[in-house]
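> Any chance you can model this:
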Amino acid sequence: MLKDLAKAVLVKGRTTKYKKAVSSKSSAYDKWQHAIEKQSVVPAEAPVSYETLPTGEIVPHKLPEPKVKVIPYSKVWDISENKGDESVVYLFVSPKGKLTRRATEVVKQYFIAHPEHNLVYGDEDEIGKGGKYIHPFFKPDWSPDSYLNAFYIGSFFACRASVMHASDGEYDGAVRMLGGTANKRNSPEQVGLEASLLSADVLFCMIALHEHAFAKRTGLDFPIGHIREVLFHRNPEQDVFYGRSFHNSRHMLLKPTTVSIIIPSKDHPEVLRRCLESIVETTGGEPNITYDIVVLDNGSDAKNRVRYGVFIGKIPKKNGLTHINYLYKLDEFNFSAMCNKGVKNTRGEYLLFMNDDIEAVKEGWMREMLSQAQLKHVGAVGAKLIYPDTDLIQHAGIANVRRGPVHKLQKMHDNKSHYFGYNRGIHNTIGATAACLMISRQKFRDVGGFPEELKVAFNDVDFCYSIFEKGYYNLCCNHIYLKHHESLSRGLDNLDPKKMERLAVEGDTLMRRHAHLYNVDPFYSPHLTEDETISAIIPREDYTPVEDIPYSICSIHDKGIKGAREDQCLRIGCEYNASLDNWLYGVNAEGNEEGYYLKGYSFVIGSDNALFERKLLLRLVERYENGAGPVGPKVYSFPIYTWYRPDIRVRLQDQVNVDLTGYKVKIEKGVLPSGYYQIGMLATDKTSRLKLINWVPNVMRIKDSR
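Residues are numbered from 1 along each chain as shown. Modelled structure (predicted):
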């Protein structure tokens with residue numbers, strides 16, 4: 001009885017401590033934002049202009065500091081003074097909330113630091129119960145196609161007075177771009193919004209037109225600024241888009257055109273047949289589109305080659321299809337080379353690269369992709385892909401997080417809108433998958449086609465990165481969808497060591513070719529989760545920089561962990577284990593001066609995880625060709641930094657207290673002898689004597705510290 005009572009006290013204590021930790025971790029954004037607002041704004045260095053006097057003397061002049069004037073959205077047309085005065089900046093603000101205390105000064109310093117920008121917007125959040133800041137909207141950098149689809153600019157923006165007045169002539173064009181009929185100002189029925197918010201939207205569009213913001217960029221420079229800081233708190237439940245949220249496209253085809261569809265396929269005749277038939281059946285009623293198809297086969301067996309020929313010959317030439325060309329050549333698989341070959345054997349003005357396991361399901365998808373690809377500033381155009389017989393998303397655009405490209409929202413349900421409409425409407429993204437990707441032939445040539453050194457993986461990402469670097473905007477059409485018959489369990493092939501090694505090599509090749517994009521994506525905010533294993537788009541779960549996490553203290557157990565039982569009920573996921581240099585600076589980081597870094601998650605199935613204390617384990621192993629075997633009983637243990645993982649809680653709703661199952665560990669250089677180490681976890685029930693151990697196949701290499 002006393003034993004049970006003592007355990008109940010221990011359980012209550014652990015549970016209370018756990019709930020406090022969860023509350024603290026889940027409020028990380030609110031605390032972070034409050035802390036930022038208490039900080040003073042760092043002054044920017046004013047740019048200098050130079051005047052040449054008649055004597056030849058060159059005299060430097062600092063440009064005058066701007067004066068910020070706050071203007072309500074309802075008063076945007078009432079401004080008549082300050083025409084041409086570059087020292088005045090207008091900060092236009094929605095009445096549906098309030099600016100932060102820092103906002104005007106941050107905007108002022110931004111314009112001082114960025115003389116090249118005349119228009120800027122920033123991030124915002126919502127005021128929750130008790131004044132808590134919730135639901136931050138960390139916006140992308142300037143995204144012209146996202147803006148034309150939705151007023152994602154939201155609650156505030158700022159511009160120089162001179163450019164506002166200079167943009168007067170763009171009014172009619174702005175109204176038309178937003179889907180209205182140019183008539184007169186303050187006519188809300190034009191686009192169906194209340195007058196004050198319509199005015200702000202139209203004004204922003206006018207200035208954007210004046211700044212040539214809907215044109216191809218010059219390299220990586222953006223024509224409109226974005227302050228990556230929350231400067232406005234919306235009223236509770238206020239729609240961030242003010243009525244113009246992500247929706248279907250308004251673009252129309254400019255002229256009749258031709259499309260060439262390029263499909264690599266091998267030994268999948270029935271799969272390809274479904275793909276081709278679905279294309280033909282869903283492209284009716286498009287008098288302005290004709291298309292041909294080329295199928296590239298790099299080695300089907302004789303039986304399947306015959307089957308390919310038979311059913312390709314039976315596909316009806318209707319709904320715009322002119323002909324299908326079947327090209328066979330026995331060769332190693334090289335997706336890039338096959339796509340480039342397909343381009344050389346077609347003549348369409350636009351190119352559509354497609355996997356053979358894609359199935360078109362609704363009419364209009366090709367027209368919608370074309371209506372975007374025809375725009376001069378647009379590069380590659382992707383489409384939302386859904387797993388068959390589900391509403392699970394396979395692809396809704398590529399984001400480039402710290403460790404490289406990921407399919408955000410993969411395996412998330414499409415029956416709900418995710419992160420401010422990311423899976424709805426049209427979004428500029430840094431890339432899209434070539435499982436269904438369209439681009440004009442001229443732009444394809446401009447970037448030199450697919451990189452043939454990337455034979456299997458990341459070739460489409462490299463292609464999209466190259467397009468972005470040329471100044472084009474890539475986008476994903478998430479207002480349409482096709483089915484992708486890729487297996488839902490395909491991710492399990494990462495257990496194949498050879499595939500993992502090839503994937504790692506090609507991933508490193510990608511990032512070396514685009515080293516300046518390491519941990520950089522203009523269309524995915526650095527304030528959103530940087531973890532490639534988290535499909536959801538959510539604010540960062542942890543606002544403590546990796547650099548500020550302390551190095552873990554190592555304990556050595558010469559004879560292993562006493563009293564511990566190896567048990568598969570202790571699950572471990574290791575999401576990164578390598579040098580800290582590589583994590584912080586990318587594959588081109590020199591040396592290994594920072595030490596090592598590991599992160600992932602761990603939980604005990606069927607138990608209350610609030611009761612367990614965890615430690616990371618490493619043991620030296622001999623590396624064999626087909627795996628690894630232990631060298632001896634010696635084990636090194638390290639206390640963990642607890643990482644809040646709401647995504648794990650969502651995925652494991654049948655498990656108890658798994659919010660804090662994430663771990664991060666930093667190991668100082670020189671602590672461990674060089675060699676290969678297998679990764680494991682020790683979970684100790686602090687209310688009993690139970691100790692559990694489990695190991696994962698992941699092996700981390702510790703280099704010689706000399």
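
> And the residue nearest to Phe603 when sequence neighbours are not counted, what's its pLDDT?
Among residues not flanking Phe603 along the chain, Thr661 sits closest, at 4.4 Å (CB to CB, 6 or more residues apart in numbering). Just so you know, the C-beta spots here come from the backbone N, C-alpha and C atoms, and that holds for glycine as well. Listed pLDDT for Thr661 reads 95.

> which SS state does the residue nearest the centre of the chain fall under?
By CA atoms, centre = their mean, the chain has its centre lying nearest to Ala399, at 2.6 Å. Here Ala399 is strand, with the state taken from DSSP: H, G, I helix; E, B strand; the rest coil.

> and it, what does it touch?
405-406, 408, 429-430, 521, 523-524 (CB atoms under 8 Å, 6 or more residues apart in numbering).

> One more pass at 6 Å, please.
406, 408, 521, 524 (CB atoms under 6 Å, 6 or more residues apart in numbering).

> Pull the residues that contact stretch 546-557.
Under CB under 6 Å, 6+ apart, the answer for stretch 546-557 is 635-639, 641, 664-666, 668, 671.

> Go through these and single out the one with the most neighbours.
Val635 (24 neighbours; other CB atoms under 10 Å).

> Excluding covalently adjacent residues, which one is nearest to it?
His557 (4.5 Å).

> Phi and psi next, for that neighbour.
phi -120, psi 100 (degrees, to the nearest 10).

> try Ile58
According to degrees, to the nearest 10, Ile58 has phi -100, psi 120.

> Would you mind pulling the contact partners of stretch 112-128?
44, 46-47, 110, 133-139, 153-155, 157-160, 163, 207, 211, 224-225, 227, 229-234.

> what about burial for those, which qualify?
Buried members of those, scored by 16 or more other CB atoms under 10 Å, are 110, 133-139, 153-155, 157-160, 163, 207, 211, 224-225, 227, 229-234.

> all strands for the stretch 601-706 of the chain, in order.
Per DSSP state E, counting those that start in this stretch, the stretch 601-706 of the chain carries strands over the ranges 612-624, 627-630, 635-639, 641-643, 662-667, 675-685, 691-702.

> So what are the sheet partners of the first one and their directions?
Within its sheet, and counting by DSSP bridges, strand 612-624 is paired with strand 627-630 (antiparallel), strand 635-639 (antiparallel), strand 675-685 (antiparallel).

> With respect to Phe92, which of those lies nearest?
Of all these, strand 635-639 sits nearest to Phe92, with 50.4 Å by CB to CB.

> just to revisit the earlier point, I'd like the contacts of stretch 546-557 written out as TSV, with distance to Leu352 and pLDDT added.
Formatted as TSV, the contacts of stretch 546-557 follow (distance: CB to CB, whole Å; pLDDT from 0 to 100):
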residue	distance to Leu352	pLDDT
Val635	55	95
Tyr636	53	97
Ser637	54	97
Phe638	51	98
Pro639	53	98
Tyr641	47	97
Lys664	43	97
Val665	46	98
Lys666	47	97
Glu668	52	95
Val671	53	94
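
> Out of the residues you listed, flag the one nearest to Ser440.
For these, the nearest to Ser440 is Lys664 (44.7 Å; CB to CB).

> looking at it, the closest one is touching Gly600, isn't it?
No: counting by CB atoms under 6 Å, Lys664 does not reach Gly600; the two are 8.6 Å apart.

> Which one of the strands paired with strand 612-624 lies nearest to Val381?
strand 675-685 (41.2 Å).

> Between strand 691-702 and that closest one, find me the angle.
If you take axes from the mean of the first three to the mean of the last three CA atoms, to 10 degrees, strand 675-685 sits at 160 degrees to strand 691-702.

> So for stretch 90-100, what gets flagged as buried?
The neighbour-count check on stretch 90-100 (16+ other CB under 10 Å) flags 90-94, 96-97, 99-100 as buried.

> now do stretch 567-582
Buried residues in stretch 567-582 (16+ other CB under 10 Å): 570-577, 579-582.

> which of the residues you listed lies closest to Gly425?
Glu575 (30.9 Å).

> Give the pairing partners of whatever helix or strand that closest one lives in; include direction for each.
Using DSSP states H and E, Glu575 sits within strand 570-579. Its sheet considered, strand 570-579 pairs with strand 596-604 (antiparallel) by DSSP bridges.

> Using PDB, write down the CA coordinates of the strand it pairs with.
Presented in PDB, the C-alpha positions along strand 596-604 are these (Å, rounded to 0.1, in the frame of the first residue of the first chain):
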ATOM      1  CA  TYR A 596      28.900  17.000 -33.600                       C
ATOM      2  CA  TYR A 597      25.200  17.300 -33.600                       C
ATOM      3  CA  LEU A 598      22.400  14.700 -33.400                       C
ATOM      4  CA  LYS A 599      18.600  15.200 -33.400                       C
ATOM      5  CA  GLY A 600      15.500  13.200 -33.700                       C
ATOM      6  CA  TYR A 601      12.700  11.700 -31.500                       C
ATOM      7  CA  SER A 602      12.200   8.800 -29.100                       C
ATOM      8  CA  PHE A 603       9.200   7.500 -27.200                       C
ATOM      9  CA  VAL A 604       8.000   4.300 -25.400                       C
END
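
> could you point out which element follows the lengthiest helix in the chain?
The longest helix of the chain (DSSP state H) is helix 2-26. Using DSSP H and E, the helix or strand that follows helix 2-26 in sequence is helix 28-38.

> average pLDDT for that following helix?
For helix 28-38, mean pLDDT rounds to 95.

> Find the nearest non-adjacent residue to Ala515, please.
Per CB to CB, 6+ apart, closest to Ala515 is Asn588, 5.2 Å.

> show me the contacts for the residue nearest to Phe603.
601, 603, 645, 648.

> Repeat that for Met511.
518, 586-587.

> Just the ones of the contacts of stretch 112-128 in strands?
133-137, 157-160, 225, 227, 229-234 (DSSP state E).

> what about the closest residue to Pro451 other than its chain neighbours, which helix or strand?
Of all residues not flanking Pro451 in the chain, Asp462 sits nearest, at 4.9 Å (CB to CB, 6+ apart). Per DSSP H and E: Asp462 is located in helix 459-469.

> If you average the pLDDT over that helix, what comes out?
96.

> Show residues contacting that helix.
Contacts of helix 459-469 (CB under 6 Å, 6+ apart): 335-336, 379-380, 405, 430-431, 433-434, 447, 450-451, 454, 474, 510, 514.
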